[in-house]
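Visitor: heads up, no residue letters with this:
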């Protein structure tokens with residue numbers, strides 16, 4: 001031991017050793033089975049020329065986590081592989097991902113956008129509010145009416161067209177391949193939100209979609225413990241979003257990236273179970289006397305049932321349902337949610353838990369009552385994200401809550 005070479009910290013003060021001991025060990029000769037979390041905000045090199053080349057983007061590597069992180073890169077590679085795209089880029093939330101995608105199209109003042117009038121409420125707010133103030137004009141169309149879509153695209157010549165594979169919260173199914181073809185003929189890019197269907201059911205890149213957006217908070221993460229977003233796209237468009245995000249800084253943290261990467265490993269198992277259970281729950285809801293209407297693409301009477309069967313890669317119709325409680329107002333909807341014992345009233349979806357949400361209060365709060373009514377969101381609409389619990393337990397919980405609301409409404413009606 002007396003011949004051992006001096007260690008770098010030998011002879012240094014306790015405070016110095018406390019800061020540096022254990023850090024920056026020699027490069028290992030092993031590979032971890034699971035991707036490590038790299039929490040460092042910056043990365044050091046012995047050769048400063050390497051750092052200079054990384055900042056100049058002439059060499060791949062990591063210098064500063066706002067520019068890139070190994071954990072994030074692993075998650076992005078996994079999403080790209082599942083969506084079938086050249087690349088992907090992570091963001092701090094689903095809305096940050098959507099904003100990054102829109103900015104990555106090269107949108108600028110004077111440009112036009114075509115958007116589905118059934119887009120998620122925050123998407124509508126982003127386009128109608130913030131982008132409008134920057135001089136971008138958005139035309140909202142009925143994305144289900146292909147003739148109206150084509151007419152609007154030909155008239156506006158938009159920078160991009162955006163819609164959801166399955167709409168939130170009414171579960172309408174867009175004819176993605178047809179819309180992409182129409183948009184590309186006019187030279188427009190296409191940004192598709194694939195959060196509801198996930199790459200298990202649909203892979204919009206197969207239709208030629210330019211950017212596929214996910215709120216990874218939902219199905220990709222899947223456990224209710226992460227807020228994140230991602231865009232799967234081409235290498236060229238990823239670079240454009242990367243440059244935007246370097247300046248704006250809506251980056252995803254490495255801990256969050258790791259949670260999404262972990263969630264992806266069980267994505268197919270979870271979605272398969274959720275879809276199977278949702279189909280049973282939707283059928284049951286359709287027979288309940290307290291339910292006026294059920295929105296679920298797997299039901300034979302759904303207006304896009306045949307389209308969903310054609311587009312779904314597995315033949316399944318998703319884990320999301322929405323339904324109208326007969327004669328319910330806001331107070332009755334709240335009573336239903338407060339009566340639930342298993343299903344959780346929360347503002348998210350795609351988790352292992354079954355979750356209910358009241359769209360007028362949360363996802364579409366930014367819309368006026370008139371705007372909500374125009375797209376079919378009534379006062380008694382409930383959105384249900386079916387989890388992986390035993391389906392009979394989910395149904396029993398919904399039943400007891402609906403019975404309470406139904407009996408209360410009967411009493412109120414009888415007293416008038």
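Guide: Here it is on my side, so go on. As the structure is a computational prediction, the values presented were derived from the model and not from experiment.
Visitor: can you list the domain ranges for the protein.
Guide: Annotated domains of the chain cover 48-264, 268-414 [automatic domain parsing].
Visitor: which of those sits most buried?
Guide: Mean neighbour count (mean count of other Cβ atoms under 10 Å) peaks for domain 48-264 among those, with a mean of 20. C-beta coordinates here come from the backbone N, C-alpha and C atoms, glycine included.
Visitor: would you map the strands across the stretch 151-300 of the chain?
Guide: Secondary structure of the stretch 151-300 of the chain (DSSP state E, counting those that start in this stretch): strands located at 160-164, 189-193, 211-214, 229-233, 291-295.
Visitor: mean pLDDT added to those strands, as CSV?
Guide: Formatted as CSV, the strands of the stretch 151-300 of the chain follow (pLDDT from 0 to 100):
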stretch, mean pLDDT
strand 160-164, 98
strand 189-193, 98
strand 211-214, 98
strand 229-233, 98
strand 291-295, 97
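Visitor: any chance of those strands in a markdown table, plus distance to residue 35?
Guide: Putting the strands of the stretch 151-300 of the chain into a markdown table (distance: least, Cβ to Cβ, whole Å) gives the following:
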| stretch | distance to residue 35 |
| --- | --- |
| strand 160-164 | 30 |
| strand 189-193 | 27 |
| strand 211-214 | 19 |
| strand 229-233 | 16 |
| strand 291-295 | 38 |
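Visitor: of these, which is nearest residue 13?
Guide: Checking the strands of the stretch 151-300 of the chain against residue 13 by Cβ to Cβ gives strand 229-233 as the closest, at 44.8 Å.
Visitor: confidence-wise, which of the domains of the chain is weakest overall?
Guide: Confidence, taken as mean pLDDT, is least for domain 268-414 of those (a mean of 91).
Visitor: of all the strands of the stretch 151-300 of the chain, which one is nearest residue 378?
Guide: Closest to residue 378 of the strands of the stretch 151-300 of the chain is strand 291-295 (Cβ to Cβ; 9.0 Å).
Visitor: following the closest one, which helix or strand comes up?
Guide: helix 305-311 (DSSP states H and E).
Visitor: give me the contact list for that next one.
Guide: 165-166, 173, 175-177, 201-202, 297-299, 302, 315, 317 (Cβ atoms under 8 Å, 6 or more residues apart in numbering).
Visitor: for those, which one is nearest residue 85?
Guide: Nearest member of the contacts of helix 305-311 to residue 85, counting by Cβ to Cβ, is residue 202, at 13.4 Å.
Visitor: for the closest one, which non-adjacent residue is spatially closest?
Guide: residue 165 (5.1 Å; Cβ to Cβ, 6 or more residues apart in numbering).
Visitor: do the same with residue 389
Guide: Closest residue in space to residue 389, ignoring its immediate chain neighbours: residue 354 at 6.0 Å, by Cβ to Cβ, 6+ apart.
Visitor: ok, that neighbour - contacts?
Guide: Going by Cβ under 8 Å, 6+ apart, residue 354 touches 342-344, 384-387, 389, 394, 397.
Visitor: let's see which of the contacts of helix 305-311 end up in helices.
Guide: Judged by DSSP state H, helices contain the following of the contacts of helix 305-311: 176-177, 201.
Visitor: and those residues, which is closest to residue 256?
Guide: Once Cβ to Cβ is applied, the member of the ones in helices among the contacts of helix 305-311 that ends up nearest residue 256 is residue 201, at 24.1 Å.
Visitor: picking that back up, from residue 262, how far out is the residue nearest to residue 202?
Guide: According to Cβ to Cβ, to the nearest Å, residue 165 stands 24 Å off from residue 262.
Visitor: go on, residue 370?
Guide: Counting by Cβ to Cβ - residue 370 and residue 262 are separated by 43 Å.
Visitor: got the contact list for residue 350?
Guide: Contacts of residue 350 (Cβ under 8 Å, 6+ apart): 195, 198, 217-222, 319, 385.
Visitor: in a markdown table, list these along with distance to residue 32.
Guide: Formatted as a markdown table, those follow (distance: Cβ to Cβ, whole Å):
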| residue | distance to residue 32 |
| --- | --- |
| 195 | 30 |
| 198 | 27 |
| 217 | 26 |
| 218 | 28 |
| 219 | 26 |
| 220 | 22 |
| 221 | 21 |
| 222 | 22 |
| 319 | 32 |
| 385 | 33 |
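Visitor: looking at the residues you listed, which one is closest to residue 206?
Guide: Lowest distance from residue 206 to the contacts of residue 350 (Cβ to Cβ) belongs to residue 198, with 13.9 Å.
Visitor: show the contacting residues for that closest one.
Guide: 214, 219-220, 267, 271, 350.
Visitor: try 7 Å
Guide: Remark: with contacts taken as Cβ atoms under 7 Å, 6 or more residues apart in numbering, residue 198 is in contact with 219, 267, 271.
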